[in-house]
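> sequence first, predicted coordinates after that:
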Amino acid sequence: MVSEVEIGRSKRARQAYGFDDIALVPSRRTRDPEDVSIDWQIDAYRLRLPFLAAPMDSVVSPASAIAIGRLGGVGVLDLEGLWTRYADPEPLLAEIAGLPAERVVKRLREIYTEPVKEELIVSRIKQIRDAGVVAAGALSPQRTVQFYKTVVNAGVDVFVIRGTTVSAEHVSNHAEALNLKQFVYDLDVPVVAGGVATYKAALHLMRSGAAGVLVGFGGGSSHTTKNVLGIAVPMATAISDVAAARRDYMDESGGRYVHVIADGAMGGSGEIAKAIACGADGVMIGSPLARAVEAPGHGYHWGAEAWHGSVPRGVRTHLGTVGTLEEILVGPSNTADGTMNLFGSLRRAMATTGYSELKEFQRVELTVSQP
C-alpha cells in the first residue's frame, strides 16, 4: 500500500523514509555475536565483509585498496581520479587537504583537468591484482565507452559504473551514449552499476545483466545534489523499493539474483545495519573510511561532484582521523559514536535481533518514528 500526501490541489507525493526515521526491533531470541556470519559473495568473489569502498580519491588509493582487500572488503579505485591522471598524486592530495575553503572548487577543477592516462589505469589495476586481492575500478557512464576496453584488458575483477544517477539506457544527441542493455552482456567481468533510487530504474538495470545495483546517490556527506538539483530519495525507502525489484526480477528471470548495494547516507555502523535490514545485500561506504589513518585524503573527503566543470554539486568535507582501517572496519573501537568497528557492530546488531546470516537479517522487524 503506497502512502501519499497532498502537496497542493494539483500534486501528491509519496511518503518516504530515511535511516533516521527507522529502527531495528529486538526479537525474542538473541545470539552470540561469534555465531553470526557476515560473509558476502558477489559473483565468484566471496568476501569476509559485505562492503565496497567508494571510488573516491579521498578514500581509495592503490595502497588503501590493497589494505581493504586484505581486511575482507573491496576497495574500488576511481579510474578517472588522481591516481590515473598523475604518476605521483601524493603532493596534490596534500595540497587539496590544505586548501582554504574559498579556493577548493576552483583548484579542484584545475587539478582534475589533467587527462586520464590509459597506461596508469593498467598499472594501478595491476598493482592491486598483484597483491592478491579483488581488483575493482570505477568509471562514470560518460567515460565508460572510452575506457572500458583498457579496464577489462588490464584484468579488473569487478567493474563499477557509478554516477549520481545511472539508467540502463542514456539518451544523448551530442555524444556516443552508453546503452547498458547492450553493453553489460558483452563484458566478461561482473558489473556493478548505479545509482538508482526507484523500483523501475533498478529493474531496468537488472535486466541489463548487472551483477549488482547501487542504491542511492553516494557521497552523502560530501555532495550537495539535493541543494543544487533538488534530487533526493530517502535511503530506507529507496533500498526497500530496489529490493522489491530484485525479488520480481528473480521471478522474471527464472532465479537470477542481483545484489542490492546501498550507496550513501551511511556515516556510521547503525546506518549500515539499517541498510541491510531494509533489503541491501552489502554497502558501499566512503566517509567512514575517509577517517582512517591510511586514507589518502588526510582527513578530508570529496567526490567527483566537487570538481564538475559546470555544475559542482559537492564539497570538500573535513572529517578528521579516528583510527586505522582495521579499527574502523573490525575494531576494536575507541569511540561510542558508531564511527569505528563498523562490521563488529553489524554482527552485534544481527545477534541482538536473533539472526545469524545477512539474508535472514533482511527479515528483521522495523519501527518508524512518528513525525
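Sure thing, it's come through. Numbers count the residues shown, from 1 in each chain.

> what is the neighbour count of the closest residue to His308 other than its chain neighbours?
Setting aside the residues directly before and after it, His308 is nearest to Gly314 in space (C-beta to C-beta, 6 or more residues apart in numbering), at 7.6 Å. For every residue, glycine as well, the C-beta is placed using N, CA and C. Residues within reach of Gly314, counting by other C-beta atoms under 10 Å, total 25.

> repeat that for the one 10 residues further on.
As a burial measure, Thr324 scores 14 neighbours (other C-beta under 10 Å).

> do you know how far it is from Gly270?
21 Å (C-beta to C-beta, to the nearest Å).

> phi and psi next, for the residue nearest to His308.
phi -150, psi 160 (degrees, to the nearest 10).

> likewise Val5?
When read as degrees, to the nearest 10, the backbone of Val5 gives phi -120, psi 150.

> check which helices and strands the strand or helix carrying Leu120 sits against.
Assigned by DSSP states H and E, Leu120 falls within helix 118-130. Applying 3 or more C-beta pairs under 8 Å, 6 or more residues apart in numbering; DSSP states H and E, one finds that helix 118-130 makes contact with helix 62-71, strand 74-78, strand 136-139, helix 141-153.

> right, and the helix or strand after the lowest-mean-pLDDT helix or strand in the chain?
With mean pLDDT, DSSP states H and E as the measure, the helix or strand of the chain carrying the lowest mean pLDDT is helix 225-229 (a mean of 67). Under the assignment DSSP H and E, the closest C-terminal helix or strand after helix 225-229 is helix 235-253.

> just checking: what are the partner strands of the helix or strand that that following helix is followed by?
Toward the C-terminal end, the helix or strand that comes next after helix 235-253 (DSSP H and E) is strand 259-263. Note on strand 259-263: by DSSP bridges, its sheet partners are strand 212-215 (parallel), strand 282-285 (parallel).

> which one of those lies nearest to Tyr300?
Nearest to Tyr300 among the strands paired with strand 259-263 is strand 282-285 (16.4 Å), distances taken as C-beta to C-beta.

> can you list contacts of the closest one?
With C-beta atoms under 8 Å, 6 or more residues apart in numbering as the contact definition, strand 282-285 has outside contacts at 40, 42, 50-54, 76, 212, 214, 218, 259, 261-264, 266, 272, 275-276, 342.

> tell me which residue is most central in the protein.
Closest to where the C-alpha atoms of the chain average out (C-alpha atoms, centre = their mean) is Met284, at 2.9 Å.

> what sits opposite it in the beta ladder?
Met284 has the following beta-bridge partners by DSSP bridges: Leu52, Asp263.

> circling back to that earlier point, nearest to Pro296, out of the strands paired with strand 259-263?
Scanning these with C-beta to C-beta as the criterion, the closest one proves to be strand 282-285, at 15.5 Å.

> what's the first helix or strand after the closest one?
Once strand 282-285 ends, the next helix or strand along the chain (criterion: DSSP H and E) is helix 287-290.

> whatever helix or strand comes next after that next one packs against which elements?
The C-terminal neighbour of helix 287-290 among helices and strands, as given by DSSP H and E, is strand 300-301. Counting contacts by 3+ C-beta pairs under 8 Å, 6+ apart, strand 300-301 is packed against helix 287-290, strand 317-318.

> out of the strands paired with strand 259-263, nearest to Ile161?
Counting by C-beta to C-beta, Ile161 lies closest to strand 212-215 out of the strands paired with strand 259-263; the figure is 8.9 Å.

> tabulate the strands paired with strand 259-263 in a markdown table, adding columns for mean pLDDT.
Conversion of the strands paired with strand 259-263 to a markdown table gives the following (pLDDT from 0 to 100):
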| stretch | mean pLDDT |
| --- | --- |
| strand 212-215 | 96 |
| strand 282-285 | 98 |
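
> can those strands go into CSV with extra columns for distance to Thr367?
As requested, those are exported to CSV (distance: least, C-beta to C-beta, whole Å):
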stretch, distance to Thr367
strand 212-215, 21
strand 282-285, 21
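
> could you list the low-pLDDT ranges of the chain?
Counting by pLDDT under 70, the low-confidence segments of the chain come to 1-2, 164-165, 167-177, 218-228, 371.

> is it possible to get CSV of the helices and strands packed on helix 118-130 that adds distance to Ile161?
Below are the helices and strands packed on helix 118-130 laid out as CSV (distance: least, C-beta to C-beta, whole Å):
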stretch, distance to Ile161
helix 62-71, 18
strand 74-78, 11
strand 136-139, 6
helix 141-153, 6
